[in-house]
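Visitor: Everything below, folded, please.
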Amino acid sequence: MTLPARTLALFISDLHLQEAHARTLDAFFAFLEERAMAARALYILGDLFEYWAGDDDLDAPLHRRIASGIRAVSDAGIPVYWIAGNRDFLVGQAFADAAGMQLLDEPHIAEIGGQKIVVVHGDAQCTDDVKYMAFRQQVRQPAWQAQFLAMPLAQRKAIIANLREGSKEAHSTKTMEIMDVTPQAIDELFAATGTSVLIHGHTHRPALHEHGGKRRYVLPDWEPDAEPPRGGWIAIGDGGAITRHDLDGKVIG
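Guide: A predicted model of the protein is given here:
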């Protein structure tokens, strides 16, 4: 199935791109060439990468290839917007320039197809996960980031590898409810932004939720090798209709 001819915006998140997942990489580049090129705008809502140690890792062949793929979309006159995830919050202006994309603060409010939409990655709304929220507050501080980025790249990658192992262990003891967004955080986000539509990723629990007349769309993570395969995107059509799509482009009900 192809997307509507007048797709105003596409949204993706949680691809966790890495060398070890070749089919995810293939799916991403196919999405850029076949889908994003037919849209008016592309929003990447975090965790595009499995991890990002700093923009001085931009010249790694895979990272340069990813930047070039996104840049081709931007060079075609299609604006690309980025919101940081919990895995790639260290993406900076150097990568943004190489990819031709615009870094957005979150929450970001976009008016698309006559709708006022708030977009976030989603981790900041997982407020029941107290330990993660404390960690997030620490690593998002400019002083912490400056100190971390001053370390040699190899040292940073080793630290990240250790953190990822610790995260896997911690996740094994947490319930899905703790790692999901909380209703209170979502209600507060709607109230603070004056919006009635929210699009986010992070939780890997794709769905459409109703919140007292407001709609919350959750993006999927991408894993074509899973059974069944996971992945897809959200599209906003010319009339403002929002649709969820699987990896093949099929509309999900």
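Visitor: Please enumerate the helices of this protein.
Guide: With helices called from DSSP state H, the chain shows them at 22-34, 61-75, 93-99, 130-139, 142-149, 153-171, 183-193.
Visitor: Mean pLDDT lowest where, among those helices?
Guide: Least confident of the helices of the chain, judged by mean pLDDT, is helix 153-171 with a mean of 85.
Visitor: For the stretch 151-253 of the chain, which segments count as strands?
Guide: For the stretch 151-253 of the chain, the strands defined by DSSP state E, counting those that start in this stretch occupy 197-200, 207-211, 214-218, 232-237, 242-246, 251-252.
Visitor: Within the sheet, what are the partner strands of the last one, with directions?
Guide: Sheet pairing here is set by DSSP bridges, and for strand 251-252 it gives strand 242-246 (antiparallel).
Visitor: unless I'm mixing things up, Trp233 is touching Ala9, no?
Guide: No. Counting by C-beta atoms under 8 Å, Ala9 is not a contact partner of Trp233; they are 10.0 Å apart. C-beta: built from backbone N, CA, C; applies to glycine.
Visitor: where's the residue sitting furthest away from the middle of the chain relative to Ala158, distance?
Guide: Distance from the C-alpha centroid of the chain peaks at Pro152, with 26.7 Å (C-alpha atoms, centre = their mean). Pro152 is 10 Å from Ala158, where distance means C-beta to C-beta, to the nearest Å.
Visitor: what do you get for Ala110?
Guide: Relative to Ala158, and taking C-beta to C-beta, Ala110 is found at 38 Å.
Visitor: can you check Arg205 too?
Guide: With distances taken as C-beta to C-beta, Arg205 is found 31 Å from Ala158.
Visitor: Of those two, which one has the most company?
Guide: Using other C-beta atoms under 10 Å, the more surrounded residue of Arg205 and Ala158 is Arg205, with 16 against 13.
Visitor: Contacts only, for the residue nearest to that one when sequence neighbours are not counted.
Guide: Among residues not flanking Arg205 along the chain, Val218 sits closest, at 5.8 Å (C-beta to C-beta, 6 or more residues apart in numbering). Applying C-beta atoms under 8 Å, 6 or more residues apart in numbering, one finds that Val218 lies in contact with 122, 200-201, 203, 205-209.
Visitor: Nothing else from me, thank you.
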